[in-house]
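> Structure for the following, please:
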Amino acid sequence: MNRIELAIENLQAQGIHSVLAQFCDIHGVARGKLVPPALLRELVETGAGFSGPSIWGTGLPRHGPRSEYY
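Coordinates of the predicted model:
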């Protein structure tokens, strides 16, 4: 069992239903989303996708392949 699988198992055993993926935008405002422990591997390996237009200052388009911020 690797470290991520062990972490998932420990979180679920403690009854933790979500972890917070968070970063700060260019104004220092915290942006985040709650992620279930079962998706922890994807969160660590791929990252958490955030909608680009919802993050002030990114200039990302509303639709299309470049609209997500990872």
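
> any idea where the strands of this protein begin and end?
Counting by DSSP state E, the chain has strands at residues 19-24, 30-35, 50-51, 68-69.

> List the buried residues for the second one?
Buried residues in strand 30-35, defined by neighbour count with 16 or more other CB atoms under 10 Å: residue 31. C-betas here are computed from N, CA, C, even on glycine.

> Export stretch 30-38 to CSV, keeping only CA atoms.
What follows is the C-alpha trace of stretch 30-38 in CSV, where atoms were taken according to Å, rounded to 0.1, in the frame of the first residue of the first chain:
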residue,chain,number,x,y,z
ALA,A,30,-8.2,32.2,-0.8
ARG,A,31,-9.9,30.0,-3.4
GLY,A,32,-10.7,26.4,-2.7
LYS,A,33,-12.9,23.4,-3.1
LEU,A,34,-13.8,20.4,-1.0
VAL,A,35,-12.7,17.1,-2.4
PRO,A,36,-13.8,13.6,-1.0
PRO,A,37,-10.8,11.5,0.3
ALA,A,38,-11.6,8.9,-2.4
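
> what would the strands of the chain look like in JSON lines with mean pLDDT?
Below are the strands of the chain laid out as JSON lines (pLDDT from 0 to 100):
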{"stretch": "strand 19-24", "mean pLDDT": "86"}
{"stretch": "strand 30-35", "mean pLDDT": "86"}
{"stretch": "strand 50-51", "mean pLDDT": "64"}
{"stretch": "strand 68-69", "mean pLDDT": "60"}
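
> what would these look like in JSON lines with distance to residue 9?
Compiled in JSON lines, the strands of the chain are given as follows (distance: least, CB to CB, whole Å):
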{"stretch": "strand 19-24", "distance to residue 9": "14"}
{"stretch": "strand 30-35", "distance to residue 9": "16"}
{"stretch": "strand 50-51", "distance to residue 9": "27"}
{"stretch": "strand 68-69", "distance to residue 9": "29"}
